[in-house]
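Peer 1: from the sequence below, what's the structure:
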Amino acid sequence: MMEVCGACQNDCPYCAHSGMISAYKGYQLSIKELESFIQCTLKSGYFFETIHVHGIGEPLLWKHFNTGIKLLKEAGIAGNIIVTTNGLSSDRIKDETWEYIDVLNVSLYENCSNRGNLKELADRHKGKVNLVPPSGFRTKPTKRYLTTLPCPCLCSGPMFVKDKIFLHCGPPVFDAAILSGIDIFSSRDLYVELAPHYLEKFEENKIGNIVLCNCCWANENIDLPRYPHGCIPSRIMFALKCWYFNEFRDGIKSFQRFPQW
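Peer 2: The predicted structure follows:
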C-alpha cells in the first residue's frame, strides 16, 4: 500500500483517512522519496505481487502521478500496480501511463460529474478500469472496545508513506490513535523508518491484533452504523443510530467534537 498525496476534492463526513490526512496536510510524495523506496526494496530483494496506490486522499492529485507510476512499474519490484481513485481527475492520466497501470478502481460517488468520460475510459482500456458504485460509509468508532481481537482488518499494511513503513496498519490507524490519545509518531512499534530490509520486523499475526485495533474503523468485528456518501445525519438521527449500536453516550460526545452536525 503506497500513500502518495494528502489532497482530495471530497470532504466525506466519515472518511476513514481523515486523521492521516490531517497528520500529513499538503503531503505530496516526492520523486526522491519514491526512488528511496524503490532502492531500499531492490536492496532488500523484495518483490510485491501487487502495490496499491492510494491517496492518502486522491492519488490522481499527486503532482508526480504519471512519472511516479512509470518509475514504480519499470523498477520491477511489483507484478501489478492498482490505483484506487474517485475518478474526478481521470483526465490527468496521460495516454502513455496506461501502459504501467494494471487496474484503475474508480469509486463513483454522487458528485462524480464525468461519468461519461469514465465510461469511455473503461471501454478504451478494457479489463483495466473498474467502475464501482459506493456503498454506505461506516462511521468511526467513538469508544474503545475490549473484546474484538483478533479481528479481520479492512485496511491492513504494510503501508509506505514519505519516509516510513507502517508494518501492520493502513490509514485508519491514525484516527484510532487520536481516539486513544496516542501520539502515533511516538509509537515506534507501529512503523519503521525506510531502510533496506524494512519488512524484517513484519509479523502477519499482528494484523488485526494490536491494541489500537480495538478502536479502529478497519476492525470488522465492530458493528458500526452506515450512511450514504455525503450524508450528514441530524444530531437526533445520529444519536439514535449510536444508541442502537450501544454507543449512545459516546455518540453525544461526538457532537461536541463535530459541532457542524
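Peer 1: which residues in the chain form helices?
Peer 2: Listed in chain order, the helices found in the chain under DSSP state H are 18-23, 31-44, 65-74, 115-124, 173-180, 235-244, 248-257.
Peer 1: list the buried residues of the third one.
Peer 2: Burial within helix 65-74, assessed by neighbour count using 16 or more other C-beta atoms under 10 Å, is assigned to F65, N66, G68, I69, K70, L71, L72, K73. The way it works is simple: take the backbone N, C-alpha and C, and place the C-beta from them, glycine included.
Peer 1: name the nearest residue to the last one, ignoring sequence neighbours.
Peer 2: Read it as K73. What sits nearest to K73 in space, not counting adjacent residues and going by C-beta to C-beta, 6 or more residues apart in numbering, is Y100, at 3.8 Å.
Peer 1: next one: the first one
Peer 2: The spatially closest residue to F65, leaving aside those adjacent along the chain, is R92, at 6.3 Å (C-beta to C-beta, 6+ apart).
Peer 1: list the contacts of the one you found.
Peer 2: With contact taken as C-beta atoms under 8 Å, 6 or more residues apart in numbering, R92 is in contact with L60, L61, F65, N66.
Peer 1: out of those residues, who's nearest D11?
Peer 2: Distances from the contacts of R92 to D11 were compared by C-beta to C-beta; the smallest belongs to L61, at 13.7 Å.
Peer 1: check contacts around the residue nearest to the closest one when sequence neighbours are not counted.
Peer 2: With C-beta to C-beta, 6+ apart as the measure, A7 is the residue that lies nearest to L61, at 4.6 Å, once sequence neighbours are left out. For A7, the set of contacting residues under the criterion of C-beta under 8 Å, 6+ apart consists of G26, G57, E58, L61.
Peer 1: rerun at 10 Å
Peer 2: Taking C-beta atoms under 10 Å, 6 or more residues apart in numbering as the contact definition, A7 lies against 21, 25-28, 55-63.
Peer 1: what do you get for F166?
Peer 2: Neighbours of F166 in contact, by C-beta under 10 Å, 6+ apart: 1, 3, 20, 156-160, 173-174, 184, 190-192.
Peer 1: ok, now with 7 Å
Peer 2: With contacts taken as C-beta atoms under 7 Å, 6 or more residues apart in numbering, F166 has the following neighbours: G157, P158, M159, V173, L190, Y191.
Peer 1: what about the closest residue to C155 other than its chain neighbours, distance to S187?
Peer 2: By the measure of C-beta to C-beta, 6+ apart, the closest residue to C155 outside its immediate chain neighbours is G170, 3.4 Å from it. With the distance defined as C-beta to C-beta, to the nearest Å, G170 ends up 15 Å from S187.
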